[in-house]
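give me a 3D structure for the following:
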Amino acid sequence: MNLKPLSNHLFIEPLEEEKVTKGGIVLPETAEKERPIKGKVLATGPGKKNDKGEIQLMSVKIGDTVLFKKYGPDEVELDGKKYLVADEDDILAIIE
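A predicted model of the protein is given here:
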């Protein structure tokens, strides 16, 4: 799959976290399914144009693990797998 997002859009693979209670019990996927807020950047656009027409470079890069707004990105499905498309403004932090 070869994707090239436009403008300041990012293509993200959501990372599902395993839910573990304080007592160490692992909860199955079927229990309380929430939308992920963490993912791995698979592709980035070139950046958004500013008022002068210059492209502002993206602050995230391919391979970064990011924290994003829960309901900011749009879900897309390709080849039976779910991905997220987000604006750079939806990204809250890069996890190092």
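
what is the spatially most central residue of the chain paired to in the beta sheet?
Ranked by distance to the mean C-alpha position of the chain (Cα atoms, centre = their mean), the top residue is residue 12 at 3.8 Å. In this entry, residue 12 is beta-bridged to residue 41, residue 84, by DSSP bridges.

the protein: strands as residue ranges?
9-14, 38-44, 48-49, 55-56, 65-68, 74-78, 81-87, 91-95 (DSSP state E).

tell me the most buried of those strands?
strand 9-14 (a mean of 21; mean count of other Cβ atoms under 10 Å). Quick note: C-beta positions are derived from backbone N, CA and C, even for glycine.

now that strand, how far from the centre of its chain.
Strand 9-14 has its C-alpha centroid displaced from the chain centroid by 4 Å (Cα atoms, centre = their mean, to the nearest Å).

so what's residue 42 up against?
3, 11-13, 62, 83 (Cβ atoms under 8 Å, 6 or more residues apart in numbering).

please report how far it lies from residue 92.
When Cβ to Cβ, to the nearest Å is applied, the distance between residue 42 and residue 92 equals 18 Å.

cool, residue 59 as well?
When Cβ to Cβ is the yardstick, residue 59 and residue 92 sit 12 Å from each other.
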